[in-house]
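Q: the following block contains a protein sequence and its predicted model.
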Amino acid sequence: LGASGRNVAIDSENGLHITKDGNTIIQNISFKDSLENIGAKLIQQAAAKTDFEVGDSTTSTSVLSQALMVEGIKYLASGLSPTEINKSLDKLLVCITDNIKTQAVPVDGNKDLIRNVATISANNNLDIGTLISDAYNKVGANGVITIEKTIKNKSYLELIEGFKVDNGYLNHMFINDHSTSSAVLDNPLILLTDKKILTVKDLIKIIEGSMAEKRPLLIIADSIVGEAEASLTMNRSKGLEVYAVTSPEFGTAKRELLDDLAPVIGATVVSEVDGLILSQCGLEVLGSAEKVVITSKETFIMRGNTDEERLKNRITLINQQFTPKSTEFEKLMFRERLGKINGKFAVIHVGGSNEVESNEKYDLYVDSLSSTKSAVESGVVIGGGGSFIRSIRSLDSFKTKTTEDEAGLKIMKKALESPFRQIIINGGLSPDVVLDKVINNKSKHYGFNIKKETYVDMFKEGIINSAKADIVSLQNAVGVAQLFFTLDAAVIDDSDKID
């Protein structure tokens with residue numbers, strides 16, 4: 001945690017992995033003692049949830065979780081009600097979340113803020129921060145940026161043509177790259193249909209064709225429900241390379257999306273309106289792309305097998321739909337469709353001198369990009385645990401009515417100090433004096449630069465973090481601590497200790 005954080009070497013079945021990535025480290029921790037392992041799994045769940053939601057601040061989640069649990073046990077041991085303490089923590093969490101939101105400064109395309117938050121999230125690696133900032137400058141705040149490994153020694157940025165669909169995978173069983181919580185498809189075949197798929201029988205001929213080609217299959221359909229979704233999910237869990245995404249639009253916009261995408265990937269939209277029956281179609285209707293990345297919310301189709309003539313005609317058709325009578329909303333929709341057809345993605349290729357270095361850098365890039373996306377979305381606050389320290393003051397007006405309220409307030413205040421304290425300890429200093437000076441300074445950007453060991457304006461120093469990352473890390477830490485407080489028994493497998 002912080003600029004003085006250390007690397008951790010992880011020895012696993014896949015070989016040696018050296019990383020500073022909090023979630024990767026946390027998920028590889030286990031204990032021989034079953035009861036201790038339950039505690040570890042609780043924090044692992046909180047960290048994994050934070051990683052899924054913002055892609056960063058997993059170490060903060062773990063530190064906050066531990067602080068809440070350790071402090072809370074003291075009050076539970078004195079006989080206070082865990083249920084009432086949890087109610088108090090819920091109310092306090094709302095106050096702190098609101099306060100952090102007021103601390104947030106919008107990014108609004110500010111190159112320096114983007115570079116700084118990307119650098120901090122990458123453990124102060126300026127090269128990573130600069131490359132991510134450059135990517136945002138190329139594609140804009142709403143643009144698409146992806147990360148992949150390269151065999152080259154150096155990392156570099158590339159702009160490629162692509163198409164974004166504003167919907168993601170059907171469920172988490174379709175994830176095949178757990179480091180990014182996404183599904184990555186190389187050289188896939190792609191089916192487009194406006195049919196509501198109820199049974200997998202309609203897909204047998206196409207699935208068998210893709211298997212014969214030994215290529216993954218992506219299905220983009222009106223909807224996939226019931227037996228069809230259950231069958232695809234089950235077969236995916238068994239290793240079948242078939243993935244599915246539903247069209248995100250409504251009404252006529254659903255078909256327009258498919259018709260816009262079709263020439264980009266060289267596909268034919270399978271529609272009964274056009275006389276095409278899905279169960280009778282084979283490989284001839286499929287399109288393809290060099291790569292597809294599917295997240296929980298979006299699908300990125302890169303370097304499609306474009307039919308240039310059809311694409312040119314499609315663009316002409318959309319332009320012809322612009323008329324003097326078009327409403328501002330219709331004009332916006334037309335521009336958005338043209339933007340998708342002519343879309344470009346920024347791809348950051350991560351390289352290194354060896355596999356260990358490449359893997360470490362890849363983890364840093366993934367964390368940094370996720371945190372930067374959150375910052376663009378929610379704004380930035382001072383880093384180094386500073387936003388939590390600043391939010392402590394907002395609790396002065398919190399009215400305690402019960403002993404449990406007083407306990408909850410003390411637990412929360414102690415926990416809010418924990419990330420800041422840990423950063424100071426990691427830097428080899430005593431946190432008490434530093435904390436006292438920071439918490440009593442009224443300047444909202446005042447903090448401590450652990451690398452320089454001096455008090456600074458954190459924004460001017462570029463020590464910032466995503467507001468969303470801080471909020472989510474605290475929410476998940478409180479959630480797991482509340483669960484821990486209400487535990488009254490544990491069922492464990494203790495068979496290895498039986499003679």
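A: Ah, there it is. Residues are numbered from 1 along each chain as shown.
Q: show me the strands in the stretch 1-150 of the chain, by range?
A: 8-12, 15-19, 144-149 (DSSP state E, counting those that start in this stretch).
Q: and the closest residue to Ile29 other than its chain neighbours, how far from Phe484?
A: Nearest residue to Ile29 in three dimensions, chain neighbours excluded: Ala40, at 5.6 Å (CB to CB, 6 or more residues apart in numbering). For the C-beta atoms, the positions are set from N, CA and C on the backbone; glycine is no exception. For Ala40, the distance to Phe484 equals 12 Å [CB to CB, to the nearest Å].
Q: and for Asp186?
A: Taking CB to CB as the measure, Asp186 and Phe484 are separated by 42 Å.
Q: of these two, which one has the most company?
A: Each of Asp186 and Phe484 has its neighbours counted (other CB atoms under 10 Å); Phe484 has more, 20 against 11.
Q: in this structure that one contacts Gln66, no?
A: No: in this structure Phe484 lies outside contact range of Gln66 using CB atoms under 8 Å: 10.3 Å.
Q: thinking again about what came up before, deepest-packed of the strands of the stretch 1-150 of the chain, please.
A: Neighbour counts (mean count of other CB atoms under 10 Å) averaged over each of the strands of the stretch 1-150 of the chain peak at strand 144-149, with a mean of 19.
Q: downstream of that one, the next helix or strand is which one?
A: Next helix or strand after strand 144-149 toward the C-terminus (DSSP states H and E): strand 156-165.
Q: which SSE is the residue lying closest to Asn313 once chain neighbours are set aside in?
A: Nearest residue to Asn313 in three dimensions, chain neighbours excluded: Pro263, at 7.7 Å (CB to CB, 6+ apart). Element membership for Pro263 (DSSP H and E) is helix 252-265.
Q: which residues sit against that helix?
A: Residues outside helix 252-265 that contact it (CB atoms under 8 Å, 6 or more residues apart in numbering): 163, 165, 190, 192-194, 220, 222, 247-249, 267-269, 271, 287-289, 301, 304-307, 310-311, 313-314, 318, 333, 337, 340-341.
Q: same thing but 7 Å
A: For helix 252-265, contacts defined as CB atoms under 7 Å, 6 or more residues apart in numbering pick out 163, 190, 192, 194, 222, 247, 249, 268-269, 287-289, 301, 304-307, 310-311, 314, 337, 340-341.
Q: just the buried members of the residues you listed?
A: Neighbour-count burial (16 or more other CB atoms under 10 Å) applied to the contacts of helix 252-265 gives 163, 190, 192, 194, 222, 247, 249, 268-269, 287-289, 301, 304-307, 311, 314, 337, 340-341.
Q: for burial, what's the neighbour tally of Asn14?
A: By other CB under 10 Å, 8 other residues sit near Asn14.
Q: equivalent analysis for Ser237, please.
A: Counted with other CB under 10 Å, residues neighbouring Ser237 total 10.
Q: what's the closest non-adjacent residue to it?
A: Distances taken as CB to CB, 6+ apart place Met173 nearest to Ser237, at 5.5 Å, with adjacent residues excluded.
Q: roughly how far apart are that neighbour and Leu232?
A: According to CB to CB, Met173 and Leu232 sit 9 Å apart.
Q: tell me which of these two has more neighbours.
A: Between Met173 and Leu232, counting by other CB under 10 Å, Leu232 is the more crowded of the two (24 against 14).
Q: which helices and strands does the helix or strand hosting that one pack with?
A: Using DSSP H and E, Leu232 falls within helix 226-237. On a contact count with 3 or more CB pairs under 7 Å, 6 or more residues apart in numbering; DSSP states H and E, helix 226-237 meets strand 242-246.
Q: the strand it packs on vs helix 226-237, what angle?
A: Using axes from the mean of the first three to the mean of the last three CA atoms, to 10 degrees, the direction of strand 242-246 lies 140 degrees away from that of helix 226-237.
Q: tell me the mean pLDDT over strand 242-246?
A: Averaging pLDDT along strand 242-246 gives 94.
Q: swap in stretch 120-136?
A: In this model, stretch 120-136 has a mean pLDDT of 89.
Q: list the buried residues in that stretch.
A: For stretch 120-136, the neighbour count (16+ other CB under 10 Å) marks 120-125, 128-136 as buried.
Q: now stretch 167-184
A: Asn167, Gly168, Tyr169, Leu170, Phe174, Ile175, Asn176, Thr180, Ser181, Ser182, Ala183, Val184.
Q: just how off-centre is that stretch within its chain?
A: Its chain's C-alpha centre and that of stretch 167-184 lie 11 Å apart, by CA atoms, centre = their mean, to the nearest Å.
Q: no more questions from me, cheers.
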